[in-house]
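**Student:** sequence unknown, structure follows:
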């Protein structure tokens, strides 16, 4: 039952064993002779002491014999040390490789998920699991395995020697082992509970710290440093409380186990010493018995450490499984297509979509011929951004509703779709790298000239050259070094640098002024020649490049046509255009 529970909890970790099997087996290969030499060293010491203290002169060792056996002992010790080093090198190395594979697979799994799949997960929680939990599992399946294997080989051997030396004393040594079993049984459940509590409190603490640092501008703007500090303090106190409880349990367990060990030592000194005085036990055998006792009771000390490690690792493995159990809502078909020729013809047919049974889009249809530009606008909350996510398959659209060059995008490979369709999202994200590396993010094929060209089109080149390091300026987390408008323009440059056949701009000019907006649109006009583009914006000026415009209202297409046609029609688009024109006139006063 216990083995079944172990394999169930660590099923994923154990599945990585084939990848580290060679190193692990080399470590075990060093472990076996190392243990054998450790036993030999004990016997050699006992033999030398018995030979030196023998009462019969004929049995007493000569000085030359002592030197010979001492040389044998030194050689054996050196060989044992070398094998012990090899054992630790290979087994610890295997555990580090296991840790690398575990994190690699966790990262790859997260890359297979869509943004919606992980929207409910906090960044600090993920970081806690990816670092602390994997480390705990590594420690159990690495160093812990080494100690258990060493004990499994040494303990039976030394127990046999102890019973051969003196069965009476050896039998009395069963008392500490019985005490150990009781300690393990009593401490297991509370240790598991507080290990889980500690891991969860660490995740919460990491989340509060991460969000406070990332949102430091908001914290400062609202003068809530005290509130943020109190939240961090409260989480820290909860983490401290859980760890103090856990440390108390581990300390009590370790102290009890050490007490069991000392009881064993008293038994050896008492019963063994009495039998030594009675002449029923030789001094060398007594010393060997004492050393064997230390080896046999060593697992009692290690188990105290391993008990806490096992419960922590089991908790970590279960928390990691929760992440691996997340299933991607958008999956690539087994026979996914990757057409060589791309024209960029995009069509939406009767697209309806709902978030958690709440309708967002209903029977949306339009066609974007290859090389043309479509504008999409509407009131806030009409479904524009959801439509963009469906077009780019960040969210899975219904079958047959979104077609690219006549192919259902669900049938296209992810790599082909991502290279074909470039999206500038409304919520821009920049990495903590240089500006040049952010713009050239799409691949190493993007040269320095390409970066500067697209930066000029996005009207961010002058801002970049004003930085002390220019394009080599290192950005802070999420591009915090830049203003909102600079981040949006850098994101536009990044997508333009990828040079996709289909370009989707999702309200990505909302943070720039009207003058800069017109300059960007002027640069885009030439860039979009012969390229399919969709411009999503609530600002009419941003739609000036569009050949046709689709107007959404409450998830439905209520108007379609050119700018002039829609203004003349006098519907929702005309209302939006008039309101924005009046606002611009007022601002100009």
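**Tutor:** Okay, I see it. Given the structure is predicted, the values throughout are model-derived calculations rather than measurements. Residues are numbered from 1 along each chain as shown.

**Student:** Now do the buried residues in stretch 70-87.
**Tutor:** 73, 76, 80, 83, 84, 86, 87 (16 or more other Cβ atoms under 10 Å). Placement of C-beta: from N, CA and C, glycine included.

**Student:** Now the fourth one: which helix or strand?
**Tutor:** Read it as residue 83. Element membership of residue 83, judged by DSSP states H and E, is helix 63-111.

**Student:** State whether residue 504 is indeed within a helix.
**Tutor:** No: counting by DSSP: H, G, I helix; E, B strand; the rest coil, residue 504 is not found in a helix; it is strand.

**Student:** That one: neighbour count?
**Tutor:** Neighbour count for residue 504, taken as other Cβ atoms under 10 Å: 24.

**Student:** Hmm, it is touching residue 533, no?
**Tutor:** Yes: using Cβ atoms under 8 Å, residue 504 is in contact with residue 533, at 7.4 Å.

**Student:** for residue 216, what are its contacts?
**Tutor:** Listed by Cβ atoms under 8 Å, 6 or more residues apart in numbering, residue 216 has no contact partners.

**Student:** and it, what pLDDT?
**Tutor:** Note for residue 216: predicted pLDDT of 74.

**Student:** do the same with residue 297
**Tutor:** pLDDT, residue 297: 65.

**Student:** and what of residue 33?
**Tutor:** Looking at residue 33, its pLDDT reads 90.

**Student:** same check, this time on residue 40
**Tutor:** With respect to pLDDT, residue 40 scores 84.

**Student:** Please name the residues that touch the residue most central in space within the chain.
**Tutor:** Against the mean C-alpha coordinate of the chain, by Cα atoms, centre = their mean, the closest residue is residue 130 at 3.3 Å. The neighbourhood of residue 130, defined by Cβ under 8 Å, 6+ apart, consists of 103, 106, 107.

**Student:** Mind doing that once more with 6 Å?
**Tutor:** Contacts of residue 130 were listed using Cβ atoms under 6 Å, 6 or more residues apart in numbering, and they are residue 106.

**Student:** Make sure it is indeed in a strand.
**Tutor:** No: with three-state DSSP as the criterion, residue 130 is helix rather than part of a strand.

**Student:** Residue 363 falls within a strand, correct?
**Tutor:** Yes: the assignment for residue 363 by three-state DSSP puts it in a strand.

**Student:** Remind me which helix or strand the residue nearest to it when sequence neighbours are not counted belongs to.
**Tutor:** Spatial nearest neighbour of residue 363, excluding adjacent residues (Cβ to Cβ, 6 or more residues apart in numbering): residue 350 at 5.3 Å. Assigned by DSSP H and E, residue 350 belongs to strand 346-355.

**Student:** could you give the angle of that strand to strand 502-506?
**Tutor:** For strand 346-355 against strand 502-506, the angle by axes from the mean of the first three to the mean of the last three Cα atoms, to 10 degrees is 40 degrees.

**Student:** what packs against strand 346-355?
**Tutor:** The elements that strand 346-355 packs onto, with contact taken as 3 or more Cβ pairs under 6 Å, 6 or more residues apart in numbering; DSSP states H and E, are strand 358-368, strand 402-404.

**Student:** Who are the packing partners of the shortest one?
**Tutor:** Strand 402-404 sits against strand 346-355, with contacts defined as 3+ Cβ pairs under 6 Å, 6+ apart.

**Student:** partners of the strand it packs on, with directions?
**Tutor:** When pairs are called by DSSP bridges, strand 346-355 turns out to pair with strand 358-368 (antiparallel), strand 402-404 (antiparallel).

**Student:** To residue 547, which of those lies closest?
**Tutor:** strand 358-368 (8.7 Å; Cβ to Cβ).

**Student:** hmm, back to that, out of the buried residues of stretch 70-87, which is nearest to residue 314?
**Tutor:** Nearest to residue 314 among the buried residues of stretch 70-87 is residue 87, at 25.2 Å by Cβ to Cβ.

**Student:** domains of this structure?
**Tutor:** 10-324, 346-588 (automatic domain parsing).

**Student:** what's the least confident stretch among the ones you listed?
**Tutor:** Of all the domains of the chain, domain 10-324 has the smallest average pLDDT, which comes to a mean of 79.

**Student:** Endpoints of that one, how far apart?
**Tutor:** 13 Å (Cα to Cα, to the nearest Å).

**Student:** With stretch 130-145 instead?
**Tutor:** Stretch 130-145 has an end-to-end distance of 22 Å (criterion: Cα to Cα).

**Student:** buried set for it?
**Tutor:** Applying 16+ other Cβ under 10 Å to stretch 130-145 flags 130, 132-145 as buried.

**Student:** again with stretch 35-47
**Tutor:** Neighbour-count burial for stretch 35-47 flags 35, 36, 37, 38, 39, 40, 41, 42, 44, 45, 46, 47 (criterion: 16+ other Cβ under 10 Å).

**Student:** Please apply the same query to stretch 417-434.
**Tutor:** In stretch 417-434, counting by 16+ other Cβ under 10 Å, buried: 417-426, 428, 430, 434.

**Student:** Which ones among those lie within helices?
**Tutor:** The helices, defined by DSSP state H, take in 417, 418, 419, 420 from the buried residues of stretch 417-434.

**Student:** mind checking the backbone torsions on residue 256?
**Tutor:** Here is the backbone geometry of residue 256 (degrees, to the nearest 10): phi -70, psi -40.

**Student:** close enough to count as contact, it and residue 183?
**Tutor:** Yes: look at residue 256 against residue 183 with Cβ atoms under 6 Å: they come within range, at 4.9 Å.

**Student:** re the thing from before, quick check: of the ones in helices among the buried residues of stretch 417-434, which lies closest to residue 318?
**Tutor:** Set against residue 318, the nearest of these by Cβ to Cβ is residue 418 (33.7 Å).

**Student:** Tell me which of the strands paired with strand 346-355 is the most buried.
**Tutor:** Compared across the strands paired with strand 346-355, strand 402-404 shows the largest average neighbour count, a mean of 22 (mean count of other Cβ atoms under 10 Å).

**Student:** what's the neighbour count on residue 106?
**Tutor:** Neighbours of residue 106 using other Cβ under 10 Å come to 19.

**Student:** Kindly provide the distance from it to residue 292.
**Tutor:** 44 Å (Cβ to Cβ, to the nearest Å).
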